[in-house]
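Peer 1: Structure for the following, please:
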Amino acid sequence: MGWLLAHGAFKTKDKLIRYGVDIDDSCWLCGQASEDLAHLFFGCDYSTRIVQHLQQKTGLKLPVCNALDWCMQGIGTKMQRGVRAGLIVGAVYHVWHHRNKCRNEGVLLRPQQVASNIVEEMKMRIHRKGKQHLTILELDWLKGIGLM
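Peer 2: Prediction:
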């Protein structure tokens with residue numbers, strides 16, 4: 001998902017229209033704007049609310065524009081940057097997944113539930129890696145943001 005975002009490779013409605021597909025260009029998630037990469041992941045009310053709920057749940061500031069660059073250049077340990085990047089990529093995955101689910105099934109979860117799912121997935125990823133690879137400061141940081 002991160003690679004697709006970094007390379008603008010998602011097949012959003014604007015690209016499908018350029019390929020000659022005859023469809024309405026409005027966003028599947030909000031219906032308020034044309035669906036292109038910038039809108040879907042950075043401007044859509046639905047995706048913005050997911051990131052806001054992630055910020056509320058973790059206390060982390062997660063920018064939506066240039067998010068992956070910010071995560072990798074940001075302060076903190078490699079693990080902390082990885083957690084921030086994982087949350088952003090999780091949001092990208094879920095926005096794309098729910099966009100397709102809305103398109104195919106007409107079903108859309110509330111952004112708060114999506115954010116909760118992302119946090120739970122991150123907790124499982126951290127748990128699978130194991131605590132033995134983390135410093136005491138990293139463990140405290142993870143506890144402080146509710147991921148441990």
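Peer 1: which helix of the chain spans the most residues?
Peer 2: Residue-count comparison of every helix in the chain, with assignments taken from DSSP state H, identifies helix 78-105 as the longest.
Peer 1: and that one, average pLDDT?
Peer 2: This predicted structure assigns helix 78-105 an average pLDDT of 92.
Peer 1: Can you list the low-confidence ranges for the chain?
Peer 2: For the chain, the stretches with pLDDT under 70 are 64-74.
Peer 1: Quick check, central residue of the chain?
Peer 2: With distances taken as C-alpha atoms, centre = their mean, the chain has residue 91 as the residue nearest its mean C-alpha position (1.4 Å).
Peer 1: neighbours around the closest residue to that one other than its chain neighbours, how many?
Peer 2: In space, residue 91 comes closest to residue 50 once its chain neighbours are excluded; the distance is 5.4 Å by C-beta to C-beta, 6 or more residues apart in numbering. No exception for glycine: its C-beta is placed from N, CA and C like everyone else's. Residues within reach of residue 50, counting by other C-beta atoms under 10 Å, total 28.
Peer 1: Would you mind confirming that residue 50 makes contact with residue 90?
Peer 2: No. Using C-beta atoms under 8 Å, residue 50 is not in contact with residue 90, being 9.3 Å away.
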